[in-house]
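Peer 1: Sequence plus the predicted model coming up.
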Amino acid sequence: MFPFLSFGQLPHQYLDSRQYLDLFLSKDQLPYKLQTIKDYDLIGKVKRVEMDWGYMNFDLKGNLVSIQNRDSILPYSAKFNDNDSVKEVKFEFKDSYLSRNYNEYLFLTYNKDGDIIDQTLGAEFEGDRFKTVYQYNNKSKLLKKNNILLGFDEDTISMDEIYNYNKKDLISINRAFYRSNRNKSLKMNDNIERFEYYKNGALKKSQIIFNEILGDGSDTITKYYNQNEDLIIKYEGDSSKLFKLEKFFFNNDYLIVGTFYKFNYDVAFSDSENYEYIFDIKGNWIEKKIQEL
């Protein structure tokens, strides 16, 4: 079982804004969207990637087709519409605790302009878990998303997102979280995320501002990007109190060459890694060496 393939079990108690947000953002990981070589910063016709836990296999179009660990191959597949848009993703998941395999699936529906209007994520033995409904204006700009998580502690959790634009760019997202059970619905909390851009239109900065002080004492998450829109700094909290800092370093070809991580939540801690890339005679990246400092 791979760490990025499962939901974390959150305690059955009041959750703050960031925990609700993390809950919904988890659906952007495997198997909750079609994975391609771009999700792993790969370029070219990559056939297989070897990781410390096993292998990932790709087809000629760069789509992930299976995940292989030491004792099994887990199929990961997608079906496409006539215009090459994804309509279904399936992942065969091995539950080592229950000694059984079952399928997780994602279904997508589009409008006549090719925009996603409905997205449903579910599991073979659990039914639907995530459902997202999208609303657009007449120029195909996303205006609103309603994200619903079913079966959370017998309640339904939802996150409403409203997208705000200037003439061309997304400048902010307003989020509100609700928890409902039967005929009762309660607004839990909310936050706003704001965006800044470089002159060339690339994303430069995003900042989530929470409307309550979180459990670790922080109330913001700030991210900075380079002009290739790679994340280079992620900062949570207040340097005078509790904080978490992550830095990502890239070379001129926008390959990540190092990371730095530091926080002081319980005890002060820092860690860093450097990456070295090995290429074949055709210029294909064939290996990445990781050195812990």
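Peer 2: That came in fine, so what should we check first?
Peer 1: Walk me through which strands the longest strand seen in the chain pairs with, and which way each runs.
Peer 2: Longest strand in the chain by number of residues (criterion: DSSP state E): strand 184-197. Strand 184-197 has the following strand partners under DSSP bridges: strand 170-181 (antiparallel), strand 203-210 (antiparallel).
Peer 1: what's next to the longest one, contact-wise?
Peer 2: With C-beta atoms under 8 Å, 6 or more residues apart in numbering as the contact definition, strand 170-181 has outside contacts at 17, 20-21, 154-165, 185-195. The way it works is simple: take the backbone N, C-alpha and C, and place the C-beta from them, glycine included.
Peer 1: Extract the CA atoms of stretch 244-262 and return them as CSV.
Peer 2: The C-alpha trace of stretch 244-262 is given here as CSV (Å, rounded to 0.1, in the frame of the first residue of the first chain):
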residue,chain,number,x,y,z
LYS,A,244,6.6,25.2,8.5
LEU,A,245,8.9,26.2,5.6
GLU,A,246,9.6,24.2,2.4
LYS,A,247,11.9,25.3,-0.3
PHE,A,248,12.4,23.8,-3.8
PHE,A,249,15.4,24.5,-6.0
PHE,A,250,15.5,24.2,-9.8
ASN,A,251,18.2,24.4,-12.5
ASN,A,252,18.0,26.4,-15.8
ASP,A,253,16.1,23.5,-17.4
TYR,A,254,13.5,23.7,-14.5
LEU,A,255,14.5,20.3,-13.1
ILE,A,256,14.3,20.2,-9.4
VAL,A,257,17.8,19.9,-7.9
GLY,A,258,17.2,20.3,-4.2
THR,A,259,14.8,20.7,-1.3
PHE,A,260,14.9,22.2,2.1
TYR,A,261,12.4,21.6,4.9
LYS,A,262,12.1,23.2,8.4
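Peer 1: Show me which residues of it are buried.
Peer 2: Across stretch 244-262, burial judged by 16 or more other C-beta atoms under 10 Å covers 244-250, 256, 259.
Peer 1: which one among those residues gets closest to residue 90?
Peer 2: residue 256 (30.2 Å; C-beta to C-beta).
Peer 1: Pull the distance from the helix or strand of the chain with the lowest mean pLDDT to the chain's centre.
Peer 2: Of all helical and strand segments in the chain, the minimum by mean pLDDT, DSSP states H and E falls on helix 17-25, at a mean of 72. Relative to its chain's centre, helix 17-25 lies at 11 Å (C-alpha atoms, centre = their mean, to the nearest Å).
Peer 1: what lines up beside the helix or strand following it in the sheet?
Peer 2: Using DSSP states H and E, the helix or strand that directly follows helix 17-25 along the chain is strand 48-50. Take DSSP bridges as the rule and strand 48-50 pairs in its sheet with strand 55-58 (antiparallel).
Peer 1: That concludes my questions; thank you for your assistance.
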